[in-house]
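> mind looking at a prediction? Sequence and model below.
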Amino acid sequence: MAITLTPTVDQAVSRRAWFGLAFIVTSQLMIVLDGTIVTIALPDIRDDLGFSAVDQSWVMNAYALTVGGLLLLGGRAGDIIGRRRALIVGTTIFTLASLLGGFSTTGWMLILARVAQGVGAALAAPTALGLIAENFPDGPHRARAISWFSIGAASGGAIGLIAGGVLTAQLSWHWVMFVNVPIGLAVLIGAPLTVSESSRISARFDIPGAIASTVGMTAIVHGFIRAAEQRWTDPIALGSLVLGAGALIVFALVERRTDQPLLPRRVIDSAAKLAPFAAILFIPGAMIGMFTFVVLFLQDVKGYDALATGLAFLPFMALNIGLVVTGTTARVVERFGAERTVIGSLVLMVGGLLWMALLRPESTFLASILGPSLLLGVGVGLAFVPLSALVVRNAPISDTGAASGLMQMGIQVGGALGLAVLMTIYGPLQRNDPSGTAIGPTLLVAAVFAVAALISFTTLSSARRELPQT
């Protein structure tokens, strides 16, 4: 039976809870868009701080590595110490790190700030779904709250590109860091007044599991990043991937033997429970292709400046946000169910990326980018609300922090894996022909990630038996 967002019984939700939701969503949006807001400012950062062509990538990678490595620990920390407390502590770290980053005058200062941002994000990001589950009873109000939360996951990347372009062009690259400070302060003032603290579980931290998962995920993400920058046969990339795989095997063994695991097995003890996580793992690999390589096409092939490049993503962002804000996504989910909505959204993503893969050097924005961007906007706008709802519904209330951490980790790992694979395709093609012909075939491979999301979700969500116990 399909899981829907709206059961028949409605319960009252106070105005205070809705104000609290605004601060939760704001915090999440700030964290998600920070993954891309620096992208367009990177050339200015490189020139101002004297980064080399190789070292400049660490402005992005330092953040991705830290977030990816600490998300599982951050999610479980919220379950244990209280999710509102984790949100406030994480946002405080993130805000102070953003201030440091904005004032950076050397490369090491900025990279240190990005690492600290990652620590704050890993603590704050997994709290959102758990706080929504605690503050909104199961029913239409929770469905609406999850819809608003999904705006960050669905549109944060595009918003970051737009904001990065505007701030860099109109002010300076420093403002892609400074912009987080007033946002963070608003959350720190408003959240304690409007967000109710979650119930806490009586448990100790699984220290061996935390160490193993942190080492494993950091090494895996680093291996993917290194492979994207060098090649898959690079010794450091291979070493990182082997280390990461070994640490994750140790993590699995530790989790089997502890009575208070970092990732409780009941979060993913059936194929149907795994289904949304599988889709969430592959979708970022698909969307990173659209964001990264459309930026390269517009700037390197068409000569767009930072502002024009950012604004090119406005139709995509407006459409997927519009579907959520107007309640269209919730109505679609109510009518067809969460699983069918996800499947339909993934079909739209596949179609949009296949269309986008027709890009050639002579292509124009209006003829070859606007249409597929709108199709992708609909697909993404319909995907994250039901996926988030499935994650919440499948996890016991005491484990929503761990489940949300796993969801956020999937986004980070999926994005790193996608970029590594796509850069492996793009690099040799670009060297052979730098005119821009490499972008179309690369986006075709991005469509394969969307196909993988579609196949894995469809297969797993239709399997109702529990996974075998080991």
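Here it is on my side, so go on. Numbering: from 1, shown residues only.
> for stretch 386-405, what is the distance to the chain centroid?
Distance of stretch 386-405 from its chain centroid, counting by Cα atoms, centre = their mean, to the nearest Å, is 16 Å.
> tell me which residues in it are buried?
Under the neighbour-count criterion of 16 or more other Cβ atoms under 10 Å, stretch 386-405 has 386-395, 398-405 buried. Just so you know, the C-beta spots here come from the backbone N, C-alpha and C atoms, and that holds for glycine as well.
> that one: end-to-end distance?
Across stretch 386-405, the terminal residues are separated by 17 Å (Cα to Cα, to the nearest Å).
> rounded mean pLDDT for that stretch, please.
Mean per-residue pLDDT for stretch 386-405: 77.
> change the start of the numbering to 25 and stick with it
From this message on, residue numbering opens at 25, which makes the last subject stretch 410-429.
> distance of G74 from L134?
Separation of G74 from L134 (Cβ to Cβ, to the nearest Å): 11 Å.
> neighbour-wise, which of these two wins?
Neighbours were counted for G74 and for L134 using other Cβ atoms under 10 Å; L134 has more, 26 against 11.
> just how off-centre is the helix or strand hosting that one within its chain?
Using DSSP states H and E, L134 maps to helix 131-148. Taking Cα atoms, centre = their mean, one finds helix 131-148 lying 16 Å from the centre of the chain it belongs to.
> so what's V349 closest to, chain neighbours aside?
Using Cβ to Cβ, 6 or more residues apart in numbering and skipping the chain neighbours, the partner closest in space to V349 is I175 (7.6 Å).
> mind listing what's buried along the lengthiest helix in the chain?
Counting by DSSP state H, the longest helix found in the chain is helix 424-456. The neighbour-count check on helix 424-456 (16+ other Cβ under 10 Å) flags 424-451, 454 as buried.
> other SSEs contacting the helix or strand hosting R250?
Applying DSSP H and E as the criterion places R250 in helix 231-253. With contacts taken as 3 or more Cβ pairs under 8 Å, 6 or more residues apart in numbering; DSSP states H and E, helix 231-253 sits against helix 82-105, helix 259-281, helix 424-456.
> can I get those helices in CSV with distance to V402?
Below are the helices and strands packed on helix 231-253 laid out as CSV (distance: least, Cβ to Cβ, whole Å):
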stretch, distance to V402
helix 82-105, 28
helix 259-281, 35
helix 424-456, 20
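> G214 is nearest to which of these?
Nearest to G214 among those is helix 82-105; the distance by Cβ to Cβ comes to 18.4 Å.
> any regions of the stretch 175-324 of the chain where pLDDT drops low?
Scanning the stretch 175-324 of the chain for pLDDT under 70 picks out 176-181, 222-230, 286.
> so, low pLDDT: which residues of the stretch 25-174 of the chain?
Residues of the stretch 25-174 of the chain meeting the criterion pLDDT under 70: 25-37, 76-81, 162-163.
> run the last query once more with 90
Counting by pLDDT under 90, the low-confidence segments of the stretch 25-174 of the chain come to 25-109, 125, 128-135, 142, 145-174.
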